[in-house]
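Colleague: Below is the sequence, then the predicted model.
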Amino acid sequence: MSAAALREILPRIAFLRPLVEGARVLEIGGLARTGGRSAEWFAQVGARSVVSVDADPARVAAARASIASARIRIVEGRPADFPPASFDLVWVHDLESPHSFGELAERSTGHVVLSVDADQLGGEAGYRALVDDLARVFASVEVATQRPLVASVLSFGDRAGPLLADPSFEPPPAAQAYLFICGGRSCQVAGQVVVPLPVEAEADPEIAEALAESERERARLEEKLREARLTIESLRAELARNEGIADWDAEARRVEALERRLRELREREELALRRAQEAEARVRELERRAESWQSSRAELLAALRFERFRAERARRDAEGVFDAVAERDRLLEEWKSRALRAERRLDDLEGSGPKRET
């Protein structure tokens, strides 16, 4: 499980603890995001039972091998495999695969929670489309936002009080994710929740390698600089010991040679510093390129997921149109058959009329 999954999913479960406590929870997409750790978090905050469902046999087998809890079941299948009203809370972790909101609503006697990263929605248009789709199925649709926070907590240990946030120095960051809490009634969860998380570093491998190489280069240059300074100090000490030398011409030549050596050492020191600066510049460029690549990739993935979502909706609408056309054709055939029978009967009646007159 990645550190990003810990930072993103655990706070969402903690925020909606009142819905989780004592509930029968159906989790969808948890194995793909956390390998089953999210099911353990549901149980940890008080869920009565947790069923984590996934269609991938490999993910299911891996989760079963790593999780041992009487309150957690790892099931291979789909949400539609469970009977209606089997759970009190249905939790969907992402929009990777399309889900029928009607099917999800049927499985829950309480609420359906859809936790979606902001980059999955495809901007404001995708956000509004999802809210409209949910509103067609659920009487209540509430939206909570999740924002990352880097902060320091200061307090007097013996004087507990409310937790206050000072936004004077930094504006609030943009929403990182949205929680859509859907059901027949309000979830009754209010306020703001700050969830402390362990500090975990997760860097791009290319940037991490570049930083490591820069650190090794810096250590090598510092060692060379230390050696150069020791050499200079040794030369200065030797000059101080030889102040009474009689052959001043030879001493002058020796001093000149020492000065050349000193200049060479200073040039090497300057070269080492320039190389260190160049290494730092390369690292900054790699960081900038990595941020640009991550941003472009996130935008492309968000657009792709949204188009998949729209394609699935269009397919379902098309299936409804095809059913209506088929029903129309059936009715037309039935009316044609009735019309033919009526024409035959009319012909029979017209043929029998003259015989009665004669």
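Modeller: Structure's in. What do you need?

Colleague: can we go C-alpha only for contacts and neighbour counts from here?
Modeller: Noted.

Colleague: Strands along the stretch 151-300 of the chain, start to end?
Modeller: Applying DSSP state E, counting those that start in this stretch to the stretch 151-300 of the chain gives strands spanning 177-183.

Colleague: How is this protein divided into domains?
Modeller: Domain assignment for the chain by automatic domain parsing gives 3-183, 205-300.

Colleague: Residue 312: which of the ones you listed is closest?
Modeller: Nearest to residue 312 among the domains of the chain is domain 3-183 (6.9 Å), distances taken as CA to CA.

Colleague: for stretch 225-242, which positions count as buried?
Modeller: For stretch 225-242, the buried set under the neighbour-count rule, 16 or more other CA atoms under 10 Å, comprises 225, 228-229, 232, 235.

Colleague: ugh, wrong one, stretch 56-67
Modeller: So stretch 56-67, judged by 16+ other CA under 10 Å, has buried residues 59-60, 63-64, 67.

Colleague: With stretch 20-38 instead?
Modeller: Residues of stretch 20-38 classed as buried: 20-21, 23-38 (neighbour count, 16+ other CA under 10 Å).

Colleague: where are the low-confidence patches of the stretch 251-358 of the chain?
Modeller: Low-confidence segments of the stretch 251-358 of the chain, defined by pLDDT under 70: 251, 353-358.

Colleague: thought residue 122 was touching residue 303?
Modeller: Yes - using CA atoms under 8 Å, residue 122 is in contact with residue 303, at 5.5 Å.

Colleague: between the two, what contacts are shared?
Modeller: Shared contacts of residue 122 and residue 303, defined by CA atoms under 8 Å, 6 or more residues apart in numbering, are absent.

Colleague: From the chain's centre, how far out is stretch 270-279? Work that out for me.
Modeller: The gap between where stretch 270-279 is centred and where its chain is centred comes out at 38 Å by CA atoms, centre = their mean, to the nearest Å.

Colleague: CA atoms only for it - export them in CSV, please.
Modeller: What follows is stretch 270-279 as a C-alpha-only set of coordinates in CSV (Å, rounded to 0.1, in the frame of the first residue of the first chain):
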residue,chain,number,x,y,z
GLU,A,270,35.9,26.7,-7.1
LEU,A,271,35.4,23.9,-9.7
ALA,A,272,34.0,21.6,-7.0
LEU,A,273,31.5,24.3,-5.9
ARG,A,274,30.4,24.9,-9.5
ARG,A,275,29.8,21.2,-10.0
ALA,A,276,27.8,21.1,-6.8
GLN,A,277,25.7,24.0,-8.1
GLU,A,278,25.2,22.3,-11.5
ALA,A,279,24.1,19.1,-9.7
